[in-house]
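# got a sequence here, can you build the structure:
(2 chains)
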Amino acid sequence: MSNTRQAEAVSPWRAPVLFLILAALFLAEGSFRNALFSGSWNTALAILNMGLISAVMALGVNMQWGYAGLFNAGVVGFLALGGLAPVLVSTAPVQGAWAAGGPRLILALLVGLGTLALAAQVWRRVPGLLRVPSLIAVLVVGFVLYRWLFDPAVMAIEANNSARAGNIGGLGWPVLLSWPVGALFAAAAAWGIGKVALGLRSDYLAIATLGIGEIIVAVMRNEEWLSRGVKNVSGIPRPVPYELNLQNDPDFVARAAEWGLSPAVASGIWVKLLYAGLFGAVLLALILLAELALKSPWGRMMRAIRDNETAAEAMGKDVTRRHLQIFVIGSAVIGLAGAMMVTLDGLLSPNSFNPLRYTFLIWVMVIVGGSGNNWGAALGAILIWFLWIKAEVWGPEFMRLVTGPMPAGALRDHLLGSAPHMRFIALGVVLLLVLRFAPRGLVPEK
Amino acid sequence: MDILNALVAILNFVVIPAAAYGAQLALGALGVTLIYGILRFSNFAHGDTMAFGAALVILITWGLQSIGVGLGPLPTALLALPVGIALTAVFILGTDRAVYRFYRSKRSAPIILVMASVGVMFIMNGLTRLVIGVDEIRFDDGARFLISVQQFRAWTGLSEGLSLRVSQALTLVVTALACWALFRFLNRSRAGKAMRAYSDNEDLALLSGIDPERVVRLTWIIATALAVTAGTLYGLDKSFKVFNYFQILLPIFAAAIVGGLGNPLGAVAGGFIVAFSEVAVTYPWRKIATYLGFEPQGLLQLLSTEYKFAVSFVILIVVLLFRPTGLFRGKSV
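A predicted model of the protein is given here:
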């Protein structure tokens, strides 16, 4: 890695200019209506909101990759785990679910965790030949006990009003509270996986995180008591007013009329602006914290470890511990983004967590933006997200242009029909080109 | 009699499916481990190499079927396989030239090569989707069963049936042949010895006049041949679906690490270990327990099939915890 980071001076105007270009793109999206842009402020703001959330994800990945050189291939899992928090913290409690099997379920989960902890203790404490048999005995007894407690509890909870609920429900607390909880969930998972996979060869972490990502998504998809699986959890409360309430509010309608907007459009824009303010505030706060951390002695140590692990270790730095630390922090940021995303959607849909979309797209954002630079990661995230969404419109247009001279027939139809798949190819090409020709990204690290 | 029935049920529902799946994983893991041994990075594009190759094989199969060429009882895909391998190998050698060679000559950190392989994965994934779509495709023609359930019942008079599909038998035979050829090549031929020498110690191999680019080319070709074979056999056995090949990446990596990255023999063993544990853990053992005279309450299924990837993950974690270089002592860089 040290080879790809020549410290060349970059114009200090580069980042501001790129952000201005980005702003111009969004202005164009909002105000012009043609083949390229939709001309709807609602659409532009919707893209911006998801772009801001992507920027938070990219910040998390950038901490892991840019500060420490850790390859997390399971971003989607930490994101999904964070997205679980709004469901468990802020949806209304489900009638009768807790009585049906709540305590038993908690007990089962505690037994499961206790078994693992006990097994670890047995492995450390029991000497000699007894070690392996006693370990296996602990695991088998723990597993049987866990299933004995777990299965009936789950069955009871899922049978409870299964058409409309069937899940354990939430606590009914304010939704903003669930964001740090989401970060905490992701951090806990990251600690477990980092404890095992860090300190070994660098690509072991990539493979282990690839696994944990798939497993977390599989759990969300199949454990109906937790996340309702494919039935989705909808109606997650919002931190901002509902459009319908605004439209029924005479004050708001009058003010919309002053701006010359219909109440429907104005309420959509207002809600999205509020969200954008909220997400923007979180993003700015995170960037500020990250920049302060990066400039502190701790940040210098992190970069020293990244650039030369052996030298840092010789200076007495505990590389594995520092890696674990940054891995947990970065995953927490990703979890926070997951909670924000689910709050924005008002819906948890476990089936929508696709690794290509939520792991590798985020990676492309970080690499394109400039790994190691927080502003770069944020810029890359919003830019790539904008292009990713617009490619849905531009791709078929482009295909129509390319296949225009071709004779009408099966091949042309096939090519037109498969235009959406071109997004993957374009993404791969962008990743490879940036990695090869501009490894420091659009806004390089200082 | 009941013990015989239980044995047949185990054979039918656990041993045969797990052996076929294990053989497919072993072929995939062999490719991963060879690339790791020579090029020293984990190739994330391997699953999509399998998908890409299998998609080409399917296209050629359709072409052959449309002009009426077939192999009788065997699937036509077998005839298309060599062509599919050749085309995929050309593509993969192209990616090596365009992507990986640059980082190799710069001696970049392995993780950069992993990132590059993610880029290649995206491109191959998109190309596969472009060429053949995202739907499930079945392309096994010819005879379906070597032994069917009815036949078996008629022969033996047992109440429990046993079936052996052609695709399963074919998988085992082809894997055995491929492994035999590969190990013979690695142990006996000059080029194979050069590969092993390069894997053991790059600098020493260079000093003794081994052409590194040639070794790398050979590695890509062999790994691609194994990957396309594995992908085609997997598609024949289950069915072809692009996303499945992304998901199979995890068990393949698990198999390669369990056996010890860079160790071909370990990769084969790892494939079977992962496959047998996956099937054994997700199979409901109630039927067999009933044959043996127990009256079980539940299904006796340790994990539901949706979590089969969790099994390879747990194996991976256990190996990383207790023996990070794998059971057969692979490389640790």
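
# ok, the residue positioned nearest the centre of chain A to chain B distance?
Residue closest to the mean C-alpha point of chain A, counted by Cα atoms, centre = their mean, is A:L79 at 3.6 Å. According to Cβ to the nearest Cβ, to the nearest Å, A:L79 stands 17 Å off from chain B. (Glycine included, C-beta is placed from N, CA and C.)

# quick check: A:P237 is in a helix.
No. Counting by DSSP: H, G, I helix; E, B strand; the rest coil, A:P237 is not part of a helix but coil.

# tell me the residues of the stretch 201-333 of chain B that contact chain A?
The stretch 201-333 of chain B has residues B:246-247, B:249-250, B:253-254, B:257, B:298, B:302, B:304, B:306-307, B:309-310, B:312-313, B:316-317, B:320-321, B:324, B:332-333 near chain A, with proximity defined as Cβ under 8 Å from any Cβ of the partner chain.

# show me which of those are buried.
Neighbour-count burial (16 or more other Cβ atoms under 10 Å in any protein chain shown) applied to those gives B:246, B:249-250, B:253-254, B:257, B:307, B:309-310, B:312-313, B:316-317, B:320, B:324.

# would you map the strands across the stretch 201-333 of chain B?
Read by DSSP state E, counting those that start in this stretch, the stretch 201-333 of chain B holds no strands at all.

# ok so, going back, out of the residues of the stretch 201-333 of chain B next to chain A, list just those in helices.
Cross-referencing these against helices under DSSP state H gives B:246-247, B:249-250, B:253-254, B:257, B:309-310, B:312-313, B:316-317, B:320-321.

# could you list the low-pLDDT ranges of the chain?
As the question left the chain open, I've gone with chain A. Applying pLDDT under 70 to chain A picks out residues A:1-9.

# can you look at chain B instead?
Using pLDDT under 70, chain B drops low at B:1, B:329-333.

# how far off centre is the biggest helix by length in chain A?
If you go by DSSP H, chain A has its longest helix at helix A:263-295. Computed by Cα atoms, centre = their mean, to the nearest Å, the chain-centroid distance of helix A:263-295 equals 16 Å.

# buried residues, that helix. List them.
In helix A:263-295, counting by 16+ other Cβ under 10 Å, buried: A:263, A:266-272, A:275-276, A:278-279, A:282-283, A:286-287, A:290, A:293-294.

# so which of the residues you listed are also by chain B?
Subset of the buried residues of helix A:263-295 in contact with chain B: empty, counting by Cβ under 8 Å from any Cβ.

# measure the closest residue to chain A within the stretch 201-333 of chain B to B:G262 for me?
Going by Cβ to the nearest Cβ, chain A is nearest to B:F313 of the stretch 201-333 of chain B, at 3.9 Å. The gap separating B:F313 from B:G262 is 21 Å, by Cβ to Cβ, to the nearest Å.

# ok, back up a step: skipping adjacent residues, who's closest to the residue of the stretch 201-333 of chain B closest to chain A in space?
What sits nearest to B:F313 in space, not counting adjacent residues and going by Cβ to Cβ, 6 or more residues apart in numbering or on different chains, is A:G211, at 3.9 Å.

# check the gap between that neighbour and B:A223 for me.
Distance from A:G211 to B:A223, by Cβ to Cβ: 22 Å.

# more neighbours: which of these two?
More crowded of A:G211 and B:A223, by other Cβ atoms under 10 Å in any protein chain shown: A:G211, with 28 against 25.

# how many neighbours does B:I3 have?
10.

# report the secondary structure state of it.
State at B:I3, reduced to three classes by three-state DSSP: helix.

# which residues touch it?
Contacts for B:I3 (Cβ atoms under 8 Å, 6 or more residues apart in numbering or on different chains) come out as B:291-292.

# any idea how far chain A is from it?
Applying Cβ to the nearest Cβ, the value for B:I3 to chain A is 24 Å.

# those strands in the stretch 151-300 of chain A, which residues are they?
Using DSSP E, counting those that start in this stretch, the strands of the stretch 151-300 of chain A run over A:233-234.

# how about the residues of it near chain B?
A:151, A:196-197, A:200-204, A:206-208, A:210-212, A:214-215, A:218-219, A:221-222.

# I'd assumed B:L39 was in contact with B:Y198.
No. Applying Cβ atoms under 8 Å, one finds B:Y198 not in contact with B:L39, separated by 10.0 Å.

# A:P16: neighbour count?
By other Cβ under 10 Å, 12 other residues sit near A:P16.

# repeat that for B:T88.
Other residues near B:T88 come to 25 when the count uses other Cβ under 10 Å.

# just give the number of residues close to A:G142.
19.

# do A:L36 as well
13.

# repeat that for A:E445.
Neighbours of A:E445 (other Cβ under 10 Å): 19.

# also A:V56?
Residues within reach of A:V56, counting by other Cβ under 10 Å, total 23.

# any chance you could map the helices in the stretch 1-150 of chain A?
Here the stretch 1-150 of chain A has its helices, by DSSP state H, counting those that start in this stretch, at A:14-31, A:41-62, A:75-90, A:97-125, A:131-159.

# right, is the fourth one up against chain B?
No. No part of helix A:97-125 sits near chain B under the criterion Cβ under 8 Å from any Cβ; the closest distance found is 9.0 Å.

# compute the inter-axis angle for that helix and helix A:131-159.
Put simply, helix A:97-125 runs at 170 degrees to helix A:131-159, going by axes from the mean of the first three to the mean of the last three Cα atoms, to 10 degrees.

# got the domain ranges for chain A?
A:2-90+A:174-241+A:267-437, A:94-168 (automatic domain parsing).

# in JSON lines: those, plus distance to B:F185.
Formatted as JSON lines, the domains of chain A follow (distance: least, Cβ to Cβ, whole Å):
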{"stretch": "domain A:2-90+A:174-241+A:267-437", "distance to B:F185": "26"}
{"stretch": "domain A:94-168", "distance to B:F185": "38"}
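
# most tightly packed of the ones you listed?
Most buried of the domains of chain A, by mean neighbour count (mean count of other Cβ atoms under 10 Å in any protein chain shown): domain A:2-90+A:174-241+A:267-437, with a mean of 20.

# quick one: contacts for A:A159?
The neighbours of A:A159, taking Cβ under 8 Å, 6+ apart as the test, are A:100, A:166.

# any figure for the gap between it and A:V219?
Counting by Cβ to Cβ - A:A159 and A:V219 are separated by 20 Å.
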